[in-house]
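Participant: what shape does this take:
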Amino acid sequence: MTLPKYLAATFQTLEIFFEISGKRAAKHCFLVKLTDVTIPNITIPIDMLPVDGRFGSGPTKVRPSALKALSGRATDYMGTSHRRTPVRLQVAELRNGIAELLRAPDGYEVVLGNGGATGFWDCATFSLIAERSHHLSFGEFSSKFAKGVAAAPHLCTPSVATSDHGTHPPLNSVDGVDSYCYPHNETSTGVMLNPIRVGDEGALMLVDATSAAGGLMFDGAATDAYYFAPQKAFAADGGLWIALMSPAAIERAERIAASHRWIPPTLNLKTAIDNSRKDQTYNTPALATIFLTSHTVNWFNANGGLAFSAGRCVQSAEHIYTWAESRDFASPFVYNESARSKVVATIDFDNSVSADVIYEVLLANGIVDTFGYRSLGRNQLRIGLFPAIDPSDIEALTNCLDYVVSALS
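Facilitator: Alright, predicted model coming up:
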C-alpha cells in the first residue's frame, strides 16, 4: 500500500483506513508514524517550568501526598475484602466527605458503584429514566449518553437539543419528559452549564458532573443525580462512579426496580443504593481509587470545602483566559465568557503556529497532556485546571507557551 503524503508534525499518529479487496466487512486500521516535519529542539529554561508538569483533562494529576498516604496502607487496607471493616470505614469516610463537600441537601444520599460515569449512564437508562428523557448534546460525552438512551428498546425516543461545539443549547422544559440529562461541564469542549431545574413537577435532573464535581460551585437542590467519576477534580483514578442522589431519584430507582422492567444486577441503582447504605459496593471496587478520592475530599474539606477547591479553579481559569485574550496568537475557544469552563480550558491558536508542534515541544520538556480533544480537529490545546493543579503552575505554563511560540517564530 502506498501512503498519501500528509503534512504532519513528527510522531503525530494518523489512522489510515482502507478496504481489503474482496472482503465486505473488514476495514483494517494501520497506525502510522510520520516523520515529514522535524520537531524543533527547544529547551525551556528550567526555572521557567512548572513544579508539576501534568495538565491533563482526565485522568489528571494525582497528588504525590495522596500516593504516599496510600503506600502507608499497604498491609491493612490494600488487598483486603471490600466487605470488611477497613474498607467499609474508608467508604463511609468517602461518602460522608462527599456529602459535606457538595453540601448535600436534607435527604440526599451519596451512592457509589463500579464502572465510571459512562457506567452510570447505563444505570440511569435502566433505573432512572421512566419513559422519555431530554438531553443537551454539545460535546463528545453528552452526545454519547443521548445516543445510548436512543438505542434502549424499553424507552421512548429521547428529545435531544444540540448546539455547535464551544456553545451549549438552552435548557428548556419539554412536554412528556420525566428526566433531563446534561453535563455540568462538557470535558471535550470546555463548556460549562450551571445546573437548574426545569420541567414538570416530578421530573428528575440528571447532571453529569464528571469534570465538574469538586471544581465548580453548584446548588445540589437543583439536581436529582449529580454523578461523576473521580479521575478529574478529585485527583484519583477511574473505575468508580459516585452520585449525590435526591429522595425523588432514590424513589424512582426503587419504583422501577419493583416493576416488570428487566435490569442487569450490576446496573440496578437499587442494588447500588442498598450496598452504599452498608458502605460497600455490589462487587469488588478498586480500593486505591476509593482511598485516593477520599484523601482529596478530606484535603478540600479541611481547607474550606467547595469554596476552596472551586476557588483554585477560578484562579487558574482567570489567569489562562486573560493570557489567551492578551495574545495575538491565541484565544479562548469558548466565545461566551459565562460558558467558559473553570476546570478545562480550550485554547485556540492562530494558523501561523501549530498547536501539535507546541504540544510536542512541551512534552519534550516534561509538560504533559495538553493535547486538544481529537474529535474537534482544531488547532487547539486543552488544559486541565482542576483543584490539584496549583494555579502557580498554570501561570508557569503560560510563560512556557510564550517562550515556545517566540522560539518558533
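
Participant: can you give me the strands for the stretch 251-400 of the chain?
Facilitator: If DSSP state E, counting those that start in this stretch is used as the criterion, the strands of the stretch 251-400 of the chain fall at 330-332, 344-349, 380-384.

Participant: can you show me the helices along the stretch 251-400 of the chain?
Facilitator: Assigned helices in the stretch 251-400 of the chain, in chain order: 269-276, 287-302, 306-325, 355-364, 391-408 (criterion: DSSP state H, counting those that start in this stretch).

Participant: was I right about residue 266 contacting residue 281?
Facilitator: No - proximity of residue 266 to residue 281 does not meet the contact threshold set by Cβ atoms under 8 Å, at 10.0 Å. C-beta coordinates here come from the backbone N, C-alpha and C atoms, glycine included.

Participant: look at those two and report which has more neighbours.
Facilitator: residue 281 (24 against 16; other Cβ atoms under 10 Å).

Participant: that one against residue 275, yeah?
Facilitator: Yes - judged on Cβ under 8 Å, residue 281 makes contact with residue 275 at a distance of 5.6 Å.

Participant: quick check: neighbours shared by these two?
Facilitator: With contacts defined as Cβ atoms under 8 Å, 6 or more residues apart in numbering, the residues adjacent to both residue 281 and residue 275 are residue 113.

Participant: show me the contacts for residue 200.
Facilitator: 173, 177.

Participant: returning to that earlier point: for residue 210, find the nearest of the strands of the stretch 251-400 of the chain.
Facilitator: Each of the strands of the stretch 251-400 of the chain was scored for nearness to residue 210 using Cβ to Cβ, and the closest is strand 344-349 (10.6 Å).

Participant: contacts for that closest one, please.
Facilitator: 57, 166, 185, 187, 189-190, 211, 317, 320-321, 324, 329-334, 355, 358, 372-373, 376, 378-385.

Participant: cool, and stretch 151-166?
Facilitator: Outside stretch 151-166, the residues within contact range by Cβ under 8 Å, 6+ apart are 125, 129, 131-139, 143, 146, 149-150, 169-170, 172, 174, 177, 189-191, 261, 333-335, 346, 376.

Participant: which of the residues you listed fall within strands?
Facilitator: When the contacts of stretch 151-166 are checked against strands using DSSP state E, the ones located there are 133-137, 191, 346.

Participant: any stretches of this protein with poor pLDDT?
Facilitator: Counting by pLDDT under 70, the chain shows low-confidence ranges at 1-37.

Participant: show me it divided up by domain.
Facilitator: In the assignment given by automatic domain parsing, the structural domains of the chain cover 1-38, 46-62+304-408, 83-302.

Participant: out of those, nearest to residue 73?
Facilitator: Set against residue 73 and scored by Cβ to Cβ, the domains of the chain come closest in domain 83-302, at 6.6 Å.

Participant: picking that back up, make JSON lines out of the strands of the stretch 251-400 of the chain and add mean neighbour count.
Facilitator: Shown next, in JSON lines, are those (neighbours: other Cβ atoms under 10 Å):
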{"stretch": "strand 330-332", "mean neighbour count": "21"}
{"stretch": "strand 344-349", "mean neighbour count": "26"}
{"stretch": "strand 380-384", "mean neighbour count": "24"}
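
Participant: so which of those strands gets nearest residue 294?
Facilitator: Nearest to residue 294 among the strands of the stretch 251-400 of the chain is strand 380-384 (20.9 Å), distances taken as Cβ to Cβ.

Participant: which other residues reach that closest one?
Facilitator: Taking Cβ under 8 Å, 6+ apart as the rule, strand 380-384 contacts 55-58, 60-61, 190, 232, 320, 333, 343-349, 355, 358-359, 369-373, 394, 397.

Participant: could you give the angle of it to helix 306-325?
Facilitator: Relative orientation of strand 380-384 and helix 306-325, computed by axes from the mean of the first three to the mean of the last three Cα atoms, to 10 degrees: 160 degrees.

Participant: got the angle between strand 380-384 and strand 344-349?
Facilitator: 160 degrees.

Participant: for the remainder of this discussion, apply numbering that starts at 19.
Facilitator: Yes, from this point I'll number from 19; that puts the last item at strand 398-402.

Participant: you'd agree residue 140 is up against residue 166?
Facilitator: Yes - in this structure residue 140 lies within contact range of residue 166 using Cβ under 8 Å: 7.0 Å.

Participant: so who does residue 194 touch?
Facilitator: Shown here is residue 194, whose contacts under the criterion Cβ under 8 Å, 6+ apart are 149-150.

Participant: list the contacts for residue 325?
Facilitator: When contacts are counted by Cβ under 8 Å, 6+ apart, residue 325 touches residue 235.

Participant: and it, how far from residue 235?
Facilitator: 8 Å (Cβ to Cβ, to the nearest Å).

Participant: could I have the CA atoms of stretch 367-374 written out in CSV?
Facilitator: The C-alpha atoms that make up stretch 367-374 are tabulated as CSV, following Å, rounded to 0.1, in the frame of the first residue of the first chain:
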residue,chain,number,x,y,z
PHE,A,367,-4.0,29.0,18.3
ASP,A,368,-3.6,31.1,15.2
ASN,A,369,-2.8,29.2,12.0
SER,A,370,0.7,30.7,12.0
VAL,A,371,1.7,28.3,14.8
SER,A,372,0.9,24.6,15.1
ALA,A,373,-0.7,23.5,18.4
ASP,A,374,0.6,20.0,17.7
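
Participant: returning to what we had before: okay, the domains of the chain in TSV with distance to residue 95 next?
Facilitator: Supplementary listing: the domains of the chain in TSV, determined by distance: least, Cβ to Cβ, whole Å:
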stretch	distance to residue 95
domain 19-56	39
domain 64-80+322-426	17
domain 101-320	5
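
Participant: no more questions from me, cheers.
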